[in-house]
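J.: What follows is a predicted protein model with its sequence.
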Protein chains: 2
Amino acid sequence: MSDRSKKTQAAVLSVLRGQRGAMSAYTLLDELRTTKPTISAPTIYRALAALTECGQVHRLESLNAFIACKDSDRDQGSILSICDDCGAVEESVAPDLLAELSKVAGQSGFAALRHVVEIHGQCASCNRGGAQA
Amino acid sequence: MSDRSKKTQAAVLSVLRGQRGAMSAYTLLDELRTTKPTISAPTIYRALAALTECGQVHRLESLNAFIACKDSDRDQGSILSICDDCGAVEESVAPDLLAELSKVAGQSGFAALRHVVEIHGQCASCNRGGAQA
DNA sequence: CCTCTTGTGTTACATTATAACGTAACGCTA
DNA sequence: TAGCGTTACGTTATAATGTAACACAAGAGG
């Protein structure tokens, strides 16, 4: 993961950080191609995999999209709140709750390794302001 | 949703019920084509949408796959435990926990409408038996 | 039987994701 | 800086997932 890959990852991260919401891999690709026309889908996916692995990027499973991790909640499972109106995503950290989830699943002997917790709804401003279709 | 659609949905549900784990839409399609060769992807997706809507089928967002709802926990959000080794999926119901999740997200004014809670790990038998790659 | 509604099949395509492989860049050692 | 091994990249190709649009057919109701 030496240097070139770090540069790719940095570029990816930089684009993601410049977005208010989540981006699909191909939107990201289009964006990156404006500055680096030869970049390809596999490269993007490799970078995203590495960034997700080390907790700097979250994959939104329910959107097939990606977002830069805002806080330093690396390696702690996050709770992601997704506004279905404006696309904004908030991160929350609540290790106790995730532990509770593991416990519920564990009642049958299930050993939890990774939590996917995504909450769809309306963010504060969309909720207040009424529908912003 | 009259009659024909119910038959399609019943067929889809029947196939899903015959599976131990989750199925992708296209696996389902292949399966259904053994008895009804003309059935098409859009039809499958329409049926899955209706069944998901009314709580008889769960969509596994992190797998892009579907599974029949086992219990009568309709319309209550489910916690889905997915065994990464054998593909088995367990459902748990814990309304209190989902409410807690809503509360955590709600701290910023977010209004939760739908919870996606999927836990990856190992089921009891895979965990006990060691890796069954 | 005729018509209206509704779901279907078809076609076509968009979107998301990855396998495979040769090559170019890098990093190290001397 | 030359040589060499490693690693990530670009390319190509394709797999997998999902949906828009539209004409047609099946069933419901008069």
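T.: Okay, I see it. Numbers count the residues shown, from 1 in each chain, chains lettered A, B, ... in the order given.
J.: any chance you could map the helices in chain A?
T.: Secondary structure of chain A, counting by DSSP state H: helices at A:4-17, A:25-33, A:41-53, A:95-106, A:124-129.
J.: any residue of the third one up close to chain B?
T.: What it means is helix A:41-53. No. Helix A:41-53 stays clear of chain B (Cβ under 8 Å from any Cβ of the partner chain), getting no nearer than 12.5 Å. Quick note: C-beta positions are derived from backbone N, CA and C, even for glycine.
J.: what does that helix contact?
T.: A:1, A:5, A:8-9, A:11-13, A:25-26, A:28-29, A:32, A:57-59, A:66 (Cβ atoms under 8 Å, 6 or more residues apart in numbering or on different chains).
J.: What residues sit buried inside that helix?
T.: In terms of neighbour count (16 or more other Cβ atoms under 10 Å in any protein chain shown), helix A:41-53 has its buried residues at A:T43, A:I44, A:R46, A:A47, A:L48, A:A50, A:L51.
J.: Those residues into a markdown table, with extra columns for pLDDT and distance to B:C83?
T.: Formatted as a markdown table, the buried residues of helix A:41-53 follow (pLDDT from 0 to 100; distance: Cβ to Cβ, whole Å):
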| residue | pLDDT | distance to B:C83 |
| --- | --- | --- |
| A:T43 | 92 | 32 |
| A:I44 | 94 | 30 |
| A:R46 | 93 | 27 |
| A:A47 | 94 | 29 |
| A:L48 | 95 | 25 |
| A:A50 | 92 | 26 |
| A:L51 | 93 | 26 |
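J.: Between the residues you listed, which sits nearest DNA strand C?
T.: Of all the buried residues of helix A:41-53, DNA strand C sits closest to A:I44, with 7.3 Å by Cβ to the nearest atom of the strand.
J.: surely A:C123 meets A:S81?
T.: Yes. A:C123 is within contact range of A:S81, at 7.3 Å (criterion: Cβ atoms under 8 Å).
J.: anything in contact with each of these two?
T.: Common neighbours of A:C123 and A:S81 (Cβ under 8 Å, 6+ apart) are A:E90, B:S108, B:F110.
J.: residue contacts, A:L113?
T.: By Cβ under 8 Å, 6+ apart, A:L113 lies in contact with B:D84, B:H120, B:G121, B:Q122.
J.: so which of these also contact chain A?
T.: Within the contacts of A:L113, those near chain A by Cβ under 8 Å from any Cβ are B:D84, B:H120, B:G121, B:Q122.
J.: Stretch A:15-31: which residues count as buried?
T.: A:V15, A:L16, A:Q19, A:A22, A:M23, A:A25, A:L28, A:L29, A:E31.
J.: er, stretch A:79-94 actually
T.: Quick answer for stretch A:79-94 (16+ other Cβ under 10 Å): A:I79, A:L80, A:S81, A:I82, A:C83, A:D85, A:G87, A:A88, A:V89, A:E90, A:S92, A:A94.
J.: ok, back up a step: now, the most widely separated pair of the ones next to chain A among the contacts of A:L113?
T.: Spatially, the most separated pair among these is B:H120 and B:Q122, at 8.9 Å (Cβ to Cβ).
J.: More neighbours: which of these two?
T.: Taking other Cβ atoms under 10 Å in any protein chain shown, B:H120 and B:Q122 do not tie; B:Q122 has more neighbours (24 against 18).
J.: rewinding a little: so can I have a markdown table of the contacts of A:L113 showing pLDDT?
T.: Converted to a markdown table, these look like this (pLDDT from 0 to 100):
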| residue | pLDDT |
| --- | --- |
| B:D84 | 94 |
| B:H120 | 97 |
| B:G121 | 96 |
| B:Q122 | 95 |
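J.: Just these: which are in strands?
T.: Secondary structure defined by DSSP state E assigns B:H120, B:G121, B:Q122 of the contacts of A:L113 to strands.
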